[in-house]
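>>> sequence? don't have it. structure:
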């Protein structure tokens, strides 16, 4: 069975959102192939700035969101917290989507700790990274070169274990650190990064980055050719690790960068360090990101490189559960590689896993985990 | 090209040492297939008992041997020590063999830290294990259940990334801890475990285990049905992790247990916990182990289960280098999955990588690393 084209820019469950031809080609390339899902997790103190992130019931608890997310992926339940990570309004983590997609498609999972405060109670790859600092200090990531280099070695070996990689992330506050890297490198990302909240706090994000720029005495664009410095000053450990793994792997295996606007900071890093990598990657995300009026993934990507964007047509409008329907109001939107894992489940099964089947699986898992009926 | 049979029990470079029919079947099954090499590393304070281990220039430095070994595998050189790990006589680590075999066959590598004192400066999977204690305390391994369970989860996912696993180990003092587990479980392993020294210190090993048995008030055989307890009291973190990974993986992928007599403690664990696993595994080792008159791998295995043993016909007798010729006198013999990785390189390449080519590669790497000419 081949994935069939529905209209001019959509296949079963997947929209060719940007660079359609390249997107179609990429999808053809991964169809029926065996992926490895890698989830890169880290924390940044930046997430504790009130009002910045909804990836946790409150800012203090964001340290637990990434380890809880990956426990959910590997165990089907969390261990370091009770229940599952939720937004302040109680809306569950997109890891629920990822977990459902990966389990349906029987995709193997590897967790990568790029710098966590709380260790997950599951196996994970350690890259000797440290938790990220508040970017207002202008000293965001320690030992970024070692972290990046370790990630690159890991990527080289992981590429030998699969046909392609899907790399997702979980790091609360990650769109603000992405904005930091993009602005320091001179991209016009102001007002364009996404948010886990319906009302995107663009002003607060910009103020946060500007405080960091002042502290480090860097003007926007000063670090155009120095992405690792931009990450060191204003980024987070996830960006360094994901860029390193992708760079290490892309020689042998294509990579789905599974995330929203955060992944553009990874893309900007790769575009500077090794342009050849760009022909091996695609961004895979959700339609909640590509349809978001308060961010502009396509705009940022276009400024960096000619890289395709695929969007999983996840739609919870008809869900029985208010907690899932909330996604349609702009809560969460993406994270833990939700969009990319959905795309890869459809592609791996050559469409046998339909979007409807995936959504039904998500509903079932929601009921099991949240106890709703 | 098919691996050709040379005589009745040998193929190009590989001897069917035990359970010949099963060994041949296992080799057929992995021929041309894609392995993942996993190196499980840990330390035990047991290694610091003077005269017990030669896996380091002196007992105090054995903490650095496993991290240095895996740095050699991933980087082609060590970072946490200068040079490479050597015996007290300056004979280099068998990781040199493993590294040569894996690089020739382009086999991906994953390092698993089951409990190290010194962190390797390369990426590794963390199983939340702690370094092993001196088994004379009768309290060898902390949190063995958590370690085993984490390893099992890892094994389940790794099995989805390859056709089969090759699992090697690096833990100085590991044959004594293996003896501890075997005796506690009631196997007659006395005088049968191997050694990295030509003169196997059997008496010292037995005294060490007996001190542990006394401390824990356990008689030989008391833990026949409780391998995890035997590991907790008298084993090491490597045994728990390797058993867990193998158990988790073997449902989907066969496993080459790449090591000498240490692997029999893993086998004993699996034979008690899940007999079905036994049909999916083989021990892969070196002819220095199978030809050793001072240990009895076949004897121990026979008592546990009907599992095949394959031996790589590594032979350094004609080497230009005294440091390699020393292997023919019974130094080192095995470790870091040397034998299993050699077998897997030959099988993966369907014999295109011959034993001669592998030995030439080892010589070249020896010259690069030791600086000899």
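Ah, there it is. Worth saying up front: this structure is predicted, and the values here are computed from it rather than measured.
>>> show me where the stretch 151-300 of chain A has strands.
For the stretch 151-300 of chain A, applying DSSP state E, counting those that start in this stretch gives strands covering A:164-170, A:255-258, A:281-286.
>>> For chain B, which of those strands is the nearest?
Across the strands of the stretch 151-300 of chain A, chain B has its closest neighbour in strand A:164-170 (10.7 Å, C-beta to the nearest C-beta). Every C-beta, even on glycine, is put in place using the N, C-alpha and C of the backbone.
>>> Next, the angle from the closest one to strand A:281-286.
50 degrees (axes from the mean of the first three to the mean of the last three C-alpha atoms, to 10 degrees).
>>> Centre of the chain to strand A:164-170, how far?
Relative to its parent chain, strand A:164-170 has a centroid offset of 7 Å by C-alpha atoms, centre = their mean, to the nearest Å.
>>> which other helices and strands contact it?
strand A:35-42, helix A:65-75, helix A:237-249, strand A:255-258, helix A:338-348 (3 or more C-beta pairs under 8 Å, 6 or more residues apart in numbering or on different chains; DSSP states H and E).
>>> could you dump those to TSV with mean pLDDT, mean neighbour count and distance to residue B:259?
Below are these laid out as TSV (pLDDT from 0 to 100; neighbours: other C-beta atoms under 10 Å in any protein chain shown; distance: least, C-beta to C-beta, whole Å):
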stretch	mean pLDDT	mean neighbour count	distance to residue B:259
strand A:35-42	98	29	26
helix A:65-75	98	27	27
helix A:237-249	98	32	29
strand A:255-258	98	30	34
helix A:338-348	98	31	35
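>>> Can you lay out these as a markdown table showing distance to residue A:136?
Compiled in a markdown table, these are given as follows (distance: least, C-beta to C-beta, whole Å):
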| stretch | distance to residue A:136 |
| --- | --- |
| strand A:35-42 | 18 |
| helix A:65-75 | 21 |
| helix A:237-249 | 17 |
| strand A:255-258 | 27 |
| helix A:338-348 | 29 |
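>>> Out of these, flag the one nearest residue A:130.
Residue A:130 lies closest, by C-beta to C-beta, to one member of the helices and strands packed on strand A:164-170: helix A:237-249, at 7.1 Å.
>>> which secondary structure elements does the closest one contact?
In terms of contacts (3+ C-beta pairs under 8 Å, 6+ apart), helix A:237-249 is packed against strand A:35-42, strand A:109-115, helix A:144-158, strand A:164-170, helix A:174-184, helix A:227-234, strand A:255-258, helix A:262-273.
>>> Between those, which one is closest to residue B:35.
Of the helices and strands packed on helix A:237-249, the one closest to residue B:35 (C-beta to C-beta) turns out to be helix A:144-158, at 12.4 Å.
>>> pLDDT of the closest one, averaged?
Averaged across helix A:144-158, pLDDT comes to 98.
>>> now do stretch A:13-20
In this model, stretch A:13-20 carries a mean pLDDT of 96.
>>> How about residues contacting it?
Stretch A:13-20 has contacts (C-beta atoms under 8 Å, 6 or more residues apart in numbering or on different chains) with A:3, A:8-10, A:23-24, A:27, A:283, A:287, A:290, A:297-298, A:301-302, A:306-313, A:342-343, A:346-347, A:351, A:354-355, A:358.
>>> Please convert the buried members of the residues you listed into ChimeraX selection syntax.
Selecting the buried subset of the contacts of stretch A:13-20 in ChimeraX, with 16 or more other C-beta atoms under 10 Å in any protein chain shown as the burial test, is done by:
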select /A:3,23,24,27,283,287,290,297,298,301,307,308,309,310,311,312,313,342,343,346,347,351,355,358
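>>> In strands, which of the contacts of stretch A:13-20 fall?
Taking DSSP state E, the ones among the contacts of stretch A:13-20 that sit in strands are A:10, A:283, A:309, A:310, A:311, A:312.
>>> Pull the contacting residues for the residue in the stretch 1-150 of chain A that chain B sits nearest to.
Across the stretch 1-150 of chain A, the shortest distance to chain B (C-beta to the nearest C-beta) belongs to residue A:108, at 3.3 Å. Contacts for residue A:108 were tallied using C-beta under 8 Å, 6+ apart; they are A:36, A:37, A:162, B:157, B:158, B:159, B:160, B:161.
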